[in-house]
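# I'll drop the sequence and a predicted model, then ask my questions.
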Amino acid sequence: MTYRAVVIGAGRIGLALEADDRRPKPATHAGMWMHHPATELAALCDVVPEFEAVAREIAPEARCYGDIDEMLSAERPDIVSIATHQDSHVAVARRAIDAGVKAIACEKPISDDLSTAQALVTEAAGAGVHLIVNHARRFDPALRTLASNLQNGVIGEVLQVTGYYVYGLISTGTHLIDLLRMTLTPFAGDVSWVAAWPNRMIHHHPDGDICVDGVIGFESGLKANIQSLDMRSYDHFELRYYGRSGLVTFDGLQRRIDYYEDVDAGTRSGFRELSATPLRSEANPDNSYFAFLADHLVDCLGGNATVASSGEDSVHALAILQAMSQSAERGGEVVTLTECADVGLHSVAALAKG
């Protein structure tokens, strides 16, 4: 069976980055539906008419629309990709649900409002629609294996975790937070509190976003430190998991996982230290997260998988983002997830302007 897919929002992540020769392919929503053997890209929609010129170069067989409802009515897609701004995700997804689609692949974060996001998750479930949010690393088999290995004690009890990101808490930090939940909640419980501070160093971030440093605390007592860097210096995405008997690192740009063991110290008797070189490594910088997403969504439609990056997962990530923005606004005050009021992500925007 071939599933018909359409993309709403034909900007960088929706379409244009497919032209970047250095990015693993597919690199966009349009690209994954063009190249997956079980799907076809039927159409693209954007309010900016100039996208049609890019579409003719990258996806010449796809039809172009400027109106969502017109496209949904004419194309009757099985799959809708949503690559618009976060404040429109819910409204666009509801129109797709009303049009009778089978699956939605939505960019992160799911919304800028917690209660609205939760309502969408409920509506999609009630309509039998697979709602998949593009927290892309959840689809990577190597990272799913990492999560299992940590749970099974590959480095013993996990003691401390540190993560690094660039380019805004909402834009990129959400990936770090979601990956921490994916790898740690099976044995550490969920995030129960956060404390955060704005990055006061010069750094690059999107309008209405800001880089925030902080700590998130899990129910078990485990803490993860989150640090932000300046993307104009260099891009970076990294996690380091320290356990009682080893270390695991994940380089998100090289798609590399390194496992280190504890060994006898080379310069001191009676001490242990981490090995200078990894015990083993797994790396495939050519892996495409969009290819993994397309495979996973098609498996879900075929009844061969359950959603790995669900609306519920995205709501949890959104609540943590919201709590961190509130804490940063309050000068690092600890905010529990239960007290996190439904005020959306305006705090981050306010900090960015300030």
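Structure's in. What do you need?
# And the average pLDDT for the strand or helix carrying M34 is what?
Assigning secondary structure by DSSP states H and E places M34 in helix 29-35. Mean pLDDT, taken over the full extent of helix 29-35, equals 98.
# again with stretch 7-17
Rounded mean pLDDT across stretch 7-17 is 98.
# how long is that stretch end to end?
One end of stretch 7-17 to the other measures 14 Å (CA to CA, to the nearest Å).
# what's next to it, contact-wise?
23, 27-31, 33, 41, 43-46, 48, 51, 54-55, 58-59, 68, 71, 80-85, 92, 96, 107 (CB atoms under 8 Å, 6 or more residues apart in numbering). The way it works is simple: take the backbone N, C-alpha and C, and place the C-beta from them, glycine included.
# Pull out the buried members of the residues you listed.
Burial by neighbour count, 16 or more other CB atoms under 10 Å: within the contacts of stretch 7-17 this picks out 27-31, 33, 41, 43-46, 51, 54-55, 58-59, 68, 71, 80-84, 92, 96, 107.
# Restricted to helices, list these.
Among the buried ones among the contacts of stretch 7-17, DSSP state H puts H29, A30, G31, W33, F51, V54, A55, I58, I68, M71, V92, A96 in helices.
# Tabulate these (CSV), appending distance to G331.
As requested, those are exported to CSV (distance: CB to CB, whole Å):
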residue, distance to G331
H29, 39
A30, 43
G31, 43
W33, 45
F51, 42
V54, 44
A55, 47
I58, 46
I68, 42
M71, 47
V92, 36
A96, 41
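# Closest to I177 out of these?
Closest approach to I177 among those (CB to CB): H29, at 22.1 Å.
# With D295 as the reference, measure out to that closest one.
Going from H29 to D295 by CB to CB, to the nearest Å gives 14 Å.
# The stretch 101-250 of the chain: helices as residue ranges?
114-127, 141-151, 174-188 (DSSP state H, counting those that start in this stretch).
# Deepest-packed of the ones you listed, please.
Among these, judged by mean count of other CB atoms under 10 Å, the one packed with the most neighbours on average is helix 174-188 (a mean of 22).
# Residues in contact with that helix: which ones?
By CB under 8 Å, 6+ apart, helix 174-188 touches 108-109, 135-138, 143, 146-147, 150-151, 158, 161, 163-165, 190-191, 216, 218-220, 222, 224, 226, 237, 239, 241, 250, 252, 309, 313-314, 316-318, 320-321.
# same thing with stretch 36-45?
1-10, 14-15, 30, 32-34, 51, 55, 59, 61-68, 71, 74-75, 77, 79, 291, 294-295, 298.
# now the top helix by length along the chain against helix 114-127, angle please.
The single longest helix within the chain, with elements called by DSSP H, is helix 311-329. If you take axes from the mean of the first three to the mean of the last three CA atoms, to 10 degrees, helix 311-329 sits at 180 degrees to helix 114-127.
# Give me the distance from helix 311-329 to the chain's centre.
Distance of helix 311-329 from the chain centroid (CA atoms, centre = their mean, to the nearest Å) equals 13 Å.
# Now stretch 297-310: buried residues?
Neighbour count says stretch 297-310 has L297, V298, C300, L301, V307, A308, S309, S310 buried, by 16+ other CB under 10 Å.
# ok, and the fifth one, which helix or strand is that part of?
The reference is to V307. Judged by DSSP H and E, V307 forms part of no helix or strand.
# Use 819 as the first number from now on
Got it, the first residue is 819 from now on, which makes the last one we talked about V1125.
# contacting residues for it?
So V1125 contacts H948, L949, I950, H1114, C1118 (CB under 8 Å, 6+ apart).
# how much space is there between the third one and A1141?
With the distance defined as CB to CB, I950 ends up 24 Å from A1141.
# With respect to Q936, which of the ones in helices among the buried ones among the contacts of stretch 825-835 is nearest?
Looking across those and measuring by CB to CB, the closest to Q936 is V910, at 17.0 Å.
# ok, that closest one touching S899?
No - contact criterion CB atoms under 8 Å: V910 and S899 do not qualify, at 10.2 Å.
# related to what we said a few turns ago, got the contact list for the helix holding M852?
823, 825, 827-828, 831-833, 836, 843-844, 857-859, 862, 873, 876-877, 880, 897, 899, 901, 923, 925, 1106, 1108-1109, 1111-1112.
# before we move on, which element is C882 in?
strand 881-883.
# Name the residues that touch that strand?
By CB under 8 Å, 6+ apart, strand 881-883 touches A860, A861, L862, C863, D864, F869, E870, A873, M889, A892, E893.
# So what's the gap between that strand and the chain middle?
In terms of CA atoms, centre = their mean, the centre of strand 881-883 is found 28 Å from the chain centre.
# still on that earlier bit, give me the buried entries from the contacts of stretch 854-863.
Here, 16+ other CB under 10 Å leaves 821-828, 832-833, 848, 850-852, 869, 873, 877, 880-883, 886, 889, 893, 895, 897, 1109, 1112-1113, 1116 buried among the contacts of stretch 854-863.
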